[in-house]
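> sharing a model prediction with you, sequence too.
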Amino acid sequence: MSVCQLCPRNCRVDRSVSTGVCGAGAEIRIARADLHFWEEPCISGTEGSGAVFFAGCNLHCVYCQNHAISGGSVGKCVSVEALAETFLRLQEKKARNINLVTGTHYVPQIIEALDSARRQGLWLPVVYNTSGYETEENIQRLQGYVDVYLPDFKYVSEDLALQFSHAKDYPEVARKALEAMVSQMERTTDRHGLTEDTPKVIVRHLVLPGHTSESKQVLSYLHETYGDRIHISIMSQYTPVVETPFAELNRRLTKREYAKVVDYALELGITNAFIQEGEVAKESFIPEFMIE
């Protein structure tokens with residue numbers, strides 16, 4: 001925490017006295033910890049995923065649906081031991097897994113909490129739910145702790161990454177991070193109770209309104225590089241919850257736009273995929289957060 005280099009921003013701030021680009025200080029801050037039923041079917045199941053939403057984010061996408069917590073200053077500060085107790089409480093609630101949502105900037109503390117919780121009887125598998133903007137070193141730290149990686153892959157275009165997420169290097173960083181995740185999972189044999197048919201890496205791509213060509217390029221890259229080694233989740237749930245400077249982002253995705261992307265995935269021969277059906281672009285799908 002004294003010279004923070006946990007994410008690709010490499011801002012090197014002393015988080016004991018200041019906050020990084022992610023908006024987080026040294027204390028763990030969580031905005032929600034409860035059962036979550038709106039992940040991919042193999043993640044939520046019927047029991048619900050034990051989702052822990054961490055406050056703060058290193059991307060600050062202009063269209064962020066979790067903008068209420070991404071600045072890092074809201075939610076509840078907890079100790080490592082309290083976080084471990086949270087994991088155990090979710091297990092008692094019959095959660096299907098522990099789902100770490102946007103925990104990049106707290107990985108060392110998360111590891112400590114998982115070690116503590118496992119000593120106290122935590123046996124659930126762990127899902128690492130991330131924007132994909134990760135260092136390879138952070139992924140290496142998580143070896144042996146994560147059972148399913150659930151990263152985003154937002155863009156292949158540096159221009160869009162800069163405009164929408166203030167991170168021109170996102171495509172290159174996300175490529176390297178995903179490569180590290182896939183490589184790590186292919187060497188992992190302990191599944192912590194997961195069934196053999198549960199994917200080890202599920203890559204999410206949110207289709208943005210007005211940018212179906214970008215989505216096609218993302219799918220092409222993922223399929224050509226990884227084929228059936230990963231599952232791809234093609235998401236239609238874009239919800240304009242904040243006004244942006246980009247007109248196309250201030251509306252919902254149309255059914256026609258989403259269908260074009262799904263049809264393209266089928267043309268590529270992608271078979272290991274999740275698609276969303278029905279009306280999912282609703283504010284009701286965004287969890288209520290603890291705002292303190």
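Now that the structure is in, tell me what you want to look at. Numbers count the residues shown, from 1 in each chain.

> tell me who's in contact with residue 221.
153, 156, 175 (CB atoms under 8 Å, 6 or more residues apart in numbering). (Glycine included, C-beta is placed from N, CA and C.)

> quick one: pLDDT of it?
Per-residue confidence at residue 221 stands at 98 (pLDDT).

> identify the residues contacting the residue nearest to residue 45 when sequence neighbours are not counted.
Among residues not flanking residue 45 along the chain, residue 96 sits closest, at 4.5 Å (CB to CB, 6 or more residues apart in numbering). Applying CB under 8 Å, 6+ apart to residue 96 gives the contacts 43-45, 47-50, 124.

> can you check residue 81 too?
Contacts of residue 81 by CB under 8 Å, 6+ apart are 113, 116.

> need the next SSE after the helix or strand hosting it, C-terminal direction.
Using DSSP states H and E, residue 81 sits in helix 80-92. Scanning forward in sequence from helix 80-92 by DSSP H and E, the next helix or strand is strand 98-101.

> report all helices and strands that that following strand contacts.
Applying 3 or more CB pairs under 8 Å, 6 or more residues apart in numbering; DSSP states H and E, one finds that strand 98-101 contacts strand 49-54, helix 80-92, strand 126-130.

> what's the mean pLDDT across the helix or strand following the shortest one?
It stands for strand 126-130. Sequence-wise, the next helix or strand downstream of strand 126-130 (DSSP H and E) is helix 136-141. The predicted model assigns helix 136-141 a mean pLDDT of 98.

> buried sites along helix 136-141?
By neighbour count on 16 or more other CB atoms under 10 Å, the buried set for helix 136-141 is 136, 138-139, 141.

> now render these as TSV, adding distance to residue 161.
Formatted as TSV, the buried residues of helix 136-141 follow (distance: CB to CB, whole Å):
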residue	distance to residue 161
136	18
138	19
139	19
141	24
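
> correct me, but residue 161 touches residue 175?
No. Residue 161 is beyond contact range of residue 175, at 11.8 Å (criterion: CB atoms under 8 Å).

> more neighbours, the two?
Neighbours per residue (other CB atoms under 10 Å) separate residue 161 from residue 175, with residue 161 holding more: 23 against 16.

> mind listing what the more buried one touches?
154-155, 167-171.

> how about a cut-off of 6 Å?
155, 167-168, 170-171 (CB atoms under 6 Å, 6 or more residues apart in numbering).

> so what's residue 242 closest to, chain neighbours aside?
residue 67 (5.4 Å).

> now the element after the longest strand belonging to the chain, going C-ward?
The longest strand of the chain (DSSP state E) is strand 28-36. Per DSSP H and E, the first helix or strand lying C-terminal to strand 28-36 is helix 41-44.

> what about residue 204, which helix or strand?
Per DSSP H and E: strand 202-206 holds residue 204.

> do you know how far residue 143 is from residue 111?
Taking CB to CB, to the nearest Å as the measure, residue 143 falls 10 Å from residue 111.

> if we can go back for a sec, how far is the helix holding residue 81 from where the chain is centred?
20 Å (CA atoms, centre = their mean, to the nearest Å).

> dump it to PDB, restricted to CA.
Taking C-alpha atoms only, helix 80-92 is exported to PDB below (Å, rounded to 0.1, in the frame of the first residue of the first chain):
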ATOM      1  CA  VAL A  80      -9.200  -8.300   6.800                       C
ATOM      2  CA  GLU A  81     -10.800 -10.400   9.500                       C
ATOM      3  CA  ALA A  82     -14.200  -8.800   8.900                       C
ATOM      4  CA  LEU A  83     -13.900  -9.600   5.200                       C
ATOM      5  CA  ALA A  84     -13.100 -13.200   6.100                       C
ATOM      6  CA  GLU A  85     -16.200 -13.300   8.200                       C
ATOM      7  CA  THR A  86     -18.200 -11.900   5.300                       C
ATOM      8  CA  PHE A  87     -17.100 -14.800   3.100                       C
ATOM      9  CA  LEU A  88     -18.100 -17.200   5.800                       C
ATOM     10  CA  ARG A  89     -21.500 -15.500   6.200                       C
ATOM     11  CA  LEU A  90     -22.100 -15.900   2.500                       C
ATOM     12  CA  GLN A  91     -21.300 -19.600   2.800                       C
ATOM     13  CA  GLU A  92     -23.800 -19.900   5.600                       C
END
